[in-house]
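Trainee: only geometry, no sequence info:
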Ligand SMILES: O=P(O)(O)OC[C@H]1O[C@H](OP(=O)(O)OP(=O)(O)O)[C@H](O)[C@@H]1O
Ligand SMILES: O=c1cc[nH]c(=O)[nH]1
Ligand SMILES: [Mg+2]
């Protein structure tokens with residue numbers, strides 16, 4: 001969990017039901033950039049030497065293959081710009097997933113990802129980790145394609161969702177991390193995070 005007063009400040013306004021959609025989008029974008037800083041702590045780099053005007057300097061560069069960023073549509077799209085601002089050379093794949101609001105089961109309606117993710121670090125973007133059905137399915141899909149390191153960035157997580165992720169992924173050997181701005185209290189009977197922020201997709205893009 002990202003423990004920083006700026007993250008807490010922005011998250012508080014994001015939760016506020018009086019925050020309008022343009023402000024919600026801007027705050028989600030800003031929050032992701034802050035979370036991305038934490039989430040990319042283990043991004044792979046290699047040693048390089050550059051020459052400054054004064055002489056050689058040891059440094060690092062991101063290695064290839066480039067990391068893959070995967071926003072889960074719709075709501076994850078609101079996190080994409082904030083992430084690629086920090087990782088401009090990353091490639092971007094897309095997953096369209098929707099949760100049935102009655103059964104709370106997630107289905108995938110769009111997949112645009114490289115077939116082979118061997119050796120790739122993947123960063124999955126989805127603002128809400130509620131039951132965990134959506135994120136677990138997304139991570140399994142990436143692992144099945146060979147991803148060898150997965151980090152999920154969420155704005156909010158419910159304890160039930162984190163527990164579901166742990167249970168669902170317990171037989172996988174690949175490291176999977178979750179970076180979130182806060183872990184909330186619980187899910188309500190409709191599967192919404194409490195206190196949460198409501199429906200992230202609707203607050204970003206409107207009710208469809
Ligand atoms: O952890 P879960 O219980 O699976 O719920 C979380 C999912 O629900 C929301 O998406 P939604 O289905 O509302 O789609 P949207 O982004 O298009 O609004 C949210 O953006 C997550 O993807
Ligand atoms: O609280 C929740 C749970 C799932 N999806 C959302 O957008 N919000
Ligand atoms: Mg939604």
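Mentor: Arrived safely. This is a predicted model, so every value here is computed, not measured. Numbering: from 1, shown residues only. Ligands and ions are numbered 1, 2, ... in the order given.
Trainee: Around ligand 3, pick out the residues from this protein.
Mentor: Proximity of the chain to ligand 3 is confined to 199, 201 under the rule CB under 5 Å from the ion. To be clear about C-beta, it is placed using only N, CA and C from the backbone, and glycine gets the same treatment.
Trainee: hmm, what's the outermost residue in the chain?
Mentor: Distance from the C-alpha centroid of the chain peaks at residue 54, with 40.2 Å (CA atoms, centre = their mean).
Trainee: OK, contacts around it?
Mentor: By CB atoms under 8 Å, 6 or more residues apart in numbering, residue 54 lies in contact with nothing.
Trainee: Look up how far residue 112 lies from it.
Mentor: Distance, residue 54 to residue 112, using CB to CB, to the nearest Å: 46 Å.
Trainee: cool, residue 191 as well?
Mentor: As for residue 191, its distance to residue 112 is 27 Å (criterion: CB to CB).
Trainee: And these two? Which one has more around it.
Mentor: Shown here are residue 191 and residue 112; by other CB atoms under 10 Å, residue 191 has more neighbours (18 against 11).
Trainee: Give me the distance between the residue in the chain that ligand 3 sits nearest to and residue 126.
Mentor: The nearest approach of the chain to ligand 3 comes at residue 201, 3.1 Å away (CB to the ion). According to CB to CB, residue 201 stands 10 Å off from residue 126.
Trainee: Could you check how many residues crowd around residue 180?
Mentor: By the measure other CB under 10 Å, the count of residues near residue 180 is 25.
Trainee: same check, this time on residue 141
Mentor: Number of residues near residue 141 (other CB under 10 Å) recorded here: 18.
Trainee: what about the helices in this protein?
Mentor: Assignment of helices within the chain using DSSP state H yields the ranges 5-15, 21-39, 80-86, 133-144, 159-168, 200-205.
Trainee: Comparing those helices, which stretch has the densest surroundings?
Mentor: The highest mean neighbour count among the helices of the chain, using mean count of other CB atoms under 10 Å, belongs to helix 133-144: a mean of 21.
Trainee: Could you name the helices and strands sitting against that helix?
Mentor: The contact analysis (3 or more CB pairs under 8 Å, 6 or more residues apart in numbering; DSSP states H and E) places helix 133-144 against strand 68-73, strand 94-99, strand 106-112, strand 121-125, strand 149-157, helix 159-168, strand 176-183.
Trainee: That helix and ligand 2, are they touching?
Mentor: No: in terms of CB under 6 Å from any ligand atom, no part of helix 133-144 sits within range of ligand 2; the closest distance is 8.2 Å.
Trainee: quick one: that helix near ligand 1?
Mentor: Yes: with CB under 6 Å from any ligand atom as the measure, helix 133-144 is seen reaching ligand 1 through 133, 134, 135.
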